[in-house]
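Got a sequence here, can you build the structure:
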Amino acid sequence: MSCRLPLMAFALCTGIALSPSSALAQVPTRTTDKVLAQGSDGFNVTAVQNLLDQGDAAVAAGNLTQARKDYDNARDASKQLMSFYRDLSGAFRGLDARIPRETDAKGRKALALLAQANLRLAALFRRQNQAEIAVPILIEVVKLMSPARPEGQKAYQSLIELGFVETPYAGAKLKTSD
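Down below sits the predicted model:
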């Protein structure tokens, strides 16, 4: 009877060692399988950054119509990414902390890109003397990023320059004097 336990343990270990290892191993994923993770063609923050870069190149070339399309596409994609990352993060809250941490970080990157797209689009509208279209976009940046962040400060400063508001943000002065 005292011999049964060591024999069972030996049999179990032998069975595991002799079993096909592919049953226990995960199949590695190839990078080509991760279609959405690919740079410029994927659906990720890198692709949004590429759209912003394309818009910048179009502005430099004087093609403002194409620049607006690229900036609009960057805005739409970053809004979708933010929403999807937020939804995914919420689904895993309390279950696996790693997933919300990852998706929240990606969501913050998408938010920063949205602010950049908005600032560039507002500058484009200002350049075309369409301040009335730039104002709501600038307000969105202030709302999303807060006036305490550089993007929010830049948007608020643009609102002052446009004459939409007159009172300078005192917090920006305190922050820059450090």
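
tell me the SS of Gln80?
Following DSSP: H, G, I helix; E, B strand; the rest coil, Gln80 is assigned to helix.

In which helix or strand does the closest residue to Leu88 other than its chain neighbours reside?
Closest residue to Leu88 apart from its sequence neighbours, by CB to CB, 6 or more residues apart in numbering: Thr103 at 4.9 Å. Where you see a C-beta, it was placed from the backbone N, CA and C, and this is true even at glycine. Of the helices and strands defined by DSSP states H and E, Thr103 is found in helix 98-127.

And that helix, what does it pack against?
helix 45-60, helix 64-92, helix 131-145, helix 150-162 (3 or more CB pairs under 8 Å, 6 or more residues apart in numbering; DSSP states H and E).

how about TSV for the ones you listed, with distance to Ala110, mean pLDDT and mean neighbour count added?
Shown next, in TSV, are the helices and strands packed on helix 98-127 (distance: least, CB to CB, whole Å; pLDDT from 0 to 100; neighbours: other CB atoms under 10 Å):
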stretch	distance to Ala110	mean pLDDT	mean neighbour count
helix 45-60	6	93	18
helix 64-92	4	93	17
helix 131-145	11	93	18
helix 150-162	14	92	18
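
Need these in CSV (columns: distance to Phe125).
CSV is the format used below for these (distance: least, CB to CB, whole Å):
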stretch, distance to Phe125
helix 45-60, 12
helix 64-92, 9
helix 131-145, 4
helix 150-162, 10
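
gap between the residue most central in space within the chain and Ser83?
For the chain, the residue nearest the mean C-alpha position is Ala110 (2.0 Å; CA atoms, centre = their mean). Counting by CB to CB, to the nearest Å, the separation of Ala110 from Ser83 is 9 Å.

same thing with Asp96?
In terms of CB to CB, Asp96 sits 21 Å off from Ser83.

For Met62, which three-state class applies?
No Met there; residue 62 is Gly. When classified by three-state DSSP, Gly62 comes out as coil.

and what of Leu95?
What three-state DSSP gives for Leu95 is coil.

Fine by me, thanks again.
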